[in-house]
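Asker: okay, predicted coordinates and the sequence, questions at the end:
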Amino acid sequence: MSTPSHKRKLALFGAGGIAKVHIQGMLAHADKVECVALCDLSDANLALRAEQLGTHTDTAPALYHDWNTLLAEQSDLDAVIVALPHQLHAPAILAAAGAGKHILCEKPMCTTLAEADVILDAVARSGVTYMSAHNQLFTPVVREAKRMLDGGMIGRLRWLRTQDCFVSGAESMHGTWRGSVASQGGGELIDTGYHPSYLLLYLAGAPVAEVRGSMSRFHMNIEGEDTAGVQVRFQNGVLGEILTSWAMELPYGTHQIHLVGEKGELFGSGTELFYLPAGFTEPARYLLPTIASTFTEEIGHFADCLLTGERPLHGAEEGRAVLELILKASENASGWQASAPKQQLLEASR
């Protein structure tokens with residue numbers, strides 16, 4: 001497929017920690033995209049990201065504190081990457097779509113379904129490309145398991161589980177936007193838990209019929225949950241589970257993804273995939289090629305979509321579906337704080 005020879009010009013809304021990997025991705029695909037502008041309220045963040053870009057760009061990036069000013073002054077800009085606190089995603093997306101700029105937005109797309117519907121309408125009316133930054137779709141084990149599943153290796157899918165668990169610093173989010181339900185949009189599930197949520201939907205390949213959620217806070221000094229479990233029944237009858245936590249490591253012996261079909265199982269993490277056909281007792285082990293990072297793969301996919309006009313792997317519709325799953329699970333688990341141990345709530349409100 002032929003592509004235009006000129007690079008696409010990108011701006012980065014948000015120059016905090018996650019911006020680092022987005023810039024690494026843009027630099028890895030410098031033949032396709034160039035970061036020409038940065039926007040953040042923090043001068044320190046702007047200086048750090050401008051230094052990271054260094055001499056790798058044709059010209060030094062323009063620095064802004066306001067995205068509306070950036071959009072007005074950077075008239076030849078092609079696209080923006082939104083890497084802001086969750087509560088700012090919707091207004092930033094709408095501003096970019098209104099200016100006719102393509103968009104790659106960090107998860108979650110927004111924090112309410114009402115915002116999601118406005119975003120879908122704005123993206124459709126503007127005709128811009130919107131990509132949900134679901135970077136774990138590009139994990140080697142996910143890509144290969146999806147290929148094998150679609151190829152019929154385990155037959156009709158019956159059950160699957162996705163997980164993302166690690167121990168975070170108990171005070172690491174206290175007093176930040178992530179520690180507040182209002183700005184975060186919830187707790188761990190709408191943050192790190194977003195990854196196993198979109199992976200579950202991607203691998204199940206069917207609309208959701210029913211969602212149940214359970215939550216608790218064991219370790220983190222935040223308003224929301226630090227651990228969540230979700231059970232999903234899909235319209236095609238497939239059953240799914242999500243486990244995600246900032247308070248525990250991945251349970252011993254389990255994996256990032258696990259799929260069970262009528263003809264066998266697929267499970268694994270990172271670059272290691274196991275295939276167990278029905279009737280066998282030992283799985284085959286596949287070591288998959290490594291990649292630079294899922295974010296670099298993600299930026300490359302976005303760049304290709306900008307150059308060719310193809311639809312991203314996950315667009316605005318998928319972003320809304322993931323958010324709806326998370327909000328339904330959160331609503332179903334809404335009584336968890338009232339029933340939590342008193343001491344646990346006291347510690348979390350210090």
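Answerer: Arrived safely, thanks for sending.

Asker: what about residue 269, neighbour count?
Answerer: 18 (other CB atoms under 10 Å). For the C-beta atoms, the positions are set from N, CA and C on the backbone; glycine is no exception.

Asker: ditto for the one 3 residues further on
Answerer: By the measure other CB under 10 Å, the count of residues near residue 272 is 15.

Asker: quick one, what contacts it?
Answerer: Residue 272 is in contact with 141, 285, 286, 287, 288, counting by CB atoms under 8 Å, 6 or more residues apart in numbering.

Asker: show the backbone phi and psi for the last one.
Answerer: Dihedral angles of residue 288 (phi, psi; degrees, to the nearest 10) stand at phi -90, psi 160.

Asker: same check, this time on the fourth one
Answerer: Backbone geometry at residue 287, expressed as degrees, to the nearest 10, gives phi -100, psi 110.

Asker: looks like it contacts residue 271 (just checking).
Answerer: Yes: because the distance of 6.2 Å satisfies CB atoms under 8 Å, residue 287 is recorded as touching residue 271.

Asker: show me which of the two is the more surrounded one.
Answerer: Set residue 287 next to residue 271 and count neighbours by other CB under 10 Å: residue 271 wins out with 15 against 11.

Asker: check contacts around the more buried one.
Answerer: Contacts of residue 271 (CB under 8 Å, 6+ apart): 140, 141, 287, 288, 289, 290.

Asker: distance check, it against residue 198.
Answerer: 20 Å (CB to CB, to the nearest Å).

Asker: got it, and residue 99?
Answerer: Noted for residue 99: a distance of 27 Å to residue 198, by CB to CB.

Asker: mind checking which of those two has more residues around it?
Answerer: Shown here are residue 99 and residue 198; by other CB under 10 Å, residue 198 has more neighbours (25 against 18).

Asker: check the gap between the more buried one and residue 123 for me.
Answerer: From residue 198 to residue 123 the distance is 18 Å (CB to CB).

Asker: how is this protein divided into domains?
Answerer: By the assignment in automatic domain parsing, the chain contains the domains 8-136+296-314, 137-291+324-348.

Asker: could you check how far residue 289 is from residue 149?
Answerer: Taking CB to CB, one finds residue 289 at 19 Å from residue 149.

Asker: ok, these two, which is more surrounded?
Answerer: residue 149 (20 against 7).

Asker: alpha carbons of the helix or strand where the more buried one lies, as CSV, please.
Answerer: According to DSSP states H and E, residue 149 maps onto helix 140-150. Output of helix 140-150 as CSV, limited to C-alpha atoms (Å, rounded to 0.1, in the frame of the first residue of the first chain):
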residue,chain,number,x,y,z
PRO,A,140,3.0,-10.3,21.4
VAL,A,141,1.1,-12.9,23.4
VAL,A,142,-2.2,-11.1,22.8
ARG,A,143,-1.6,-10.7,19.1
GLU,A,144,-0.7,-14.4,18.6
ALA,A,145,-3.5,-15.7,20.8
LYS,A,146,-6.0,-13.7,18.9
ARG,A,147,-4.6,-15.0,15.6
MET,A,148,-4.7,-18.6,16.8
LEU,A,149,-8.2,-18.1,18.3
ASP,A,150,-9.5,-16.7,15.0
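
Asker: okay, now residue 284: neighbour count?
Answerer: 10.

Asker: and if you look at residue 278?
Answerer: 12.

Asker: pretty sure it sits against residue 260.
Answerer: No: at 9.6 Å, residue 278 does not count as touching residue 260 under the criterion of CB under 8 Å.

Asker: and the closest residue in space to residue 128 that isn't next to it in sequence, backbone torsions?
Answerer: The shortest distance from residue 128 to any non-neighbouring residue, by CB to CB, 6 or more residues apart in numbering, is to residue 102 (4.9 Å). Main-chain torsions, residue 102, degrees, to the nearest 10: phi -70, psi 160.
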